[in-house]
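Visitor: pasting the structure only:
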């Protein structure tokens, strides 16, 4: 299987959708979302714009606007999915047009650098053997005036990512690997995302180490997909993306919801799945109620034992033992206090004696002369005292005892 960033992303978002889309390929009517349609229209308009630039023409805004509108009218159809029912196709059309106009104004007269390719197909050989290969299409490949090769990508999504997210983004970095494989004399690459709704340009430049790590991570992900494919292990992952999924009605996480949504109340109540869920929830609620009553009874028993100075309390058929222990606890692992404690013990030369710093070994060592007085005081200041209460039960049946009524 030839992979792509979109295939990898689909698997990461939902393995079940990956199986539907790339392996099982069920015969269903496919629907583009309006967001995807708007993105395609904007991409095509920008490709048209830069084709003019490559022919030494300075585009006019009216040309780009008309190209975009013409594409929209010719390709729009009623099967395009609009999840937000308060909006119309024209609303999205206007958003896309505004994105293009902002971009046009920001970059006119499009004289920065030299365009090397549009929708440039790139193949990435991750391991050098051809076993792990990906392909993709670069929106615009350009040689900047400073000699840096630039990989441009257009985004019409609403969300603007942080710089940290951009520095970890995979797609264009994979394209960089492919560019450097194709042209080994490439000395520097700049990755540029145009977030058109925000009218923002985000830039990232990757180190050789980060690209090597990306190769390994991507190979591992492909292996993970291969392993899942062998076992046909594609669990659905429910998220806000489900509303845009064309496989919604087939998905094992949504199919029962879809099938029961058309039932009458009587049919819904009689559905086997509905009845099983109701039965389970009722049983869980009873168990939760019983657990709450048990916790409350435990607190009252502990309080009674303390007030009466008892360690064992007897009932019908059972007795309950209550023990209290004072303990010294060491600070949590990797906390500043824990690191300080470890440094003190190591400096004392006694690390091998208490190297696990357990709540048993270290407090016991403080009762001996293992440490000098000053070190002992410093260690003790980093330990916290707490009370450990244990409540346990034991059968204790006498002749006149009866089992307690635990029913409810």
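Guide: That came through fine. Owing to the predicted nature of the structure, the values given are computational and were not obtained by experimental measurement. Numbering: from 1, shown residues only.

Visitor: outline the domain layout of this protein.
Guide: As assigned by automatic domain parsing, the chain contains the domains 5-231, 296-396.

Visitor: JSON lines for those domains, including distance to residue 280 and mean pLDDT?
Guide: Quick note: C-beta positions are derived from backbone N, CA and C, even for glycine. Shown next, in JSON lines, are these (distance: least, Cβ to Cβ, whole Å; pLDDT from 0 to 100):
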{"stretch": "domain 5-231", "distance to residue 280": "23", "mean pLDDT": "95"}
{"stretch": "domain 296-396", "distance to residue 280": "25", "mean pLDDT": "85"}
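
Visitor: most packed of the ones you listed?
Guide: Mean neighbours per residue, mean count of other Cβ atoms under 10 Å, is largest over those for domain 5-231, with a mean of 16.

Visitor: now do it: distance from first to last residue.
Guide: 23 Å (Cα to Cα, to the nearest Å).

Visitor: i'd like the first residue to be 413 from this point on
Guide: Right, with 413 as the first residue, what we last looked at is domain 417-643.

Visitor: picking up where we left off before, using a markdown table, lay out the domains of the chain together with distance to residue 674.
Guide: Formatted as a markdown table, the domains of the chain follow (distance: least, Cβ to Cβ, whole Å):
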| stretch | distance to residue 674 |
| --- | --- |
| domain 417-643 | 18 |
| domain 708-808 | 45 |
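
Visitor: so which of those is nearest residue 680?
Guide: When these are compared by Cβ to Cβ, domain 417-643 sits nearest residue 680, at 24.2 Å.

Visitor: pull the distance from the closest one to the chain's centre.
Guide: Distance of domain 417-643 from its chain centroid, counting by Cα atoms, centre = their mean, to the nearest Å, is 21 Å.

Visitor: check what pLDDT the nearest residue to residue 661 once chain neighbours are set aside gets.
Guide: Nearest residue to residue 661, sequence neighbours excluded (Cβ to Cβ, 6 or more residues apart in numbering): residue 670, at 4.9 Å. pLDDT for residue 670: 93.

Visitor: which strands or helices does the helix or strand hosting residue 670 pack on?
Guide: Using DSSP states H and E, residue 670 sits in helix 667-672. Contacts defined by 3 or more Cβ pairs under 8 Å, 6 or more residues apart in numbering; DSSP states H and E place helix 667-672 against helix 684-720.

Visitor: what's the following helix or strand after the helix it packs on?
Guide: Past helix 684-720, the next helix or strand by DSSP H and E is strand 724-726.

Visitor: list of residues touching that next one?
Guide: Contact with strand 724-726 is made by 713, 716, 717, 731, 732, 733, 734, 808, as judged by Cβ atoms under 8 Å, 6 or more residues apart in numbering.

Visitor: again, only this time at 10 Å
Guide: By Cβ atoms under 10 Å, 6 or more residues apart in numbering, the residues outside strand 724-726 that reach it are 713, 716-717, 731-735, 803-804, 806, 808, 810, 813.

Visitor: now the helices for the chain?
Guide: Along the chain, the segments classed as helices by DSSP state H run 417-425, 427-430, 446-466, 473-487, 501-519, 575-580, 583-594, 620-643, 667-672, 677-682, 684-720, 748-760, 773-778, 785-793.

Visitor: could the ones you listed be laid out in a markdown table, adding distance to residue 560?
Guide: Formatted as a markdown table, the helices of the chain follow (distance: least, Cβ to Cβ, whole Å):
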| stretch | distance to residue 560 |
| --- | --- |
| helix 417-425 | 22 |
| helix 427-430 | 35 |
| helix 446-466 | 18 |
| helix 473-487 | 26 |
| helix 501-519 | 17 |
| helix 575-580 | 17 |
| helix 583-594 | 11 |
| helix 620-643 | 16 |
| helix 667-672 | 50 |
| helix 677-682 | 62 |
| helix 684-720 | 58 |
| helix 748-760 | 43 |
| helix 773-778 | 57 |
| helix 785-793 | 56 |
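
Visitor: between those helices, which gets nearest to residue 538?
Guide: helix 620-643 (5.1 Å).

Visitor: what angle separates that closest one from helix 417-425?
Guide: 70 degrees (axes from the mean of the first three to the mean of the last three Cα atoms, to 10 degrees).

Visitor: and for residue 688, the neighbour number?
Guide: 10 (other Cβ atoms under 10 Å).

Visitor: distance of it from residue 694?
Guide: As judged by Cβ to Cβ, to the nearest Å, residue 688 and residue 694 stand 11 Å apart.

Visitor: again, but for residue 639
Guide: 39 Å.

Visitor: how about residue 784?
Guide: 64 Å.

Visitor: got it, and residue 580?
Guide: Relative to residue 694, and taking Cβ to Cβ, residue 580 is found at 46 Å.

Visitor: ok, residue 806 next?
Guide: 33 Å.

Visitor: repeat for residue 799
Guide: 38 Å.

Visitor: residue 441 now?
Guide: 40 Å.

Visitor: ok, residue 794 next?
Guide: For residue 794 relative to residue 694 (Cβ to Cβ), the value is 50 Å.

Visitor: over to residue 515?
Guide: From residue 515 to residue 694 the distance is 58 Å (Cβ to Cβ).

Visitor: for residue 549, same thing?
Guide: 54 Å.

Visitor: now do residue 662
Guide: Relative to residue 694, and taking Cβ to Cβ, residue 662 is found at 30 Å.

Visitor: please apply the same query to residue 519.
Guide: Distance from residue 519 to residue 694, by Cβ to Cβ: 63 Å.

Visitor: same question for residue 522.
Guide: Where residue 694 is concerned, residue 522 sits at a distance of 67 Å (Cβ to Cβ).

Visitor: sweet, I'm off.
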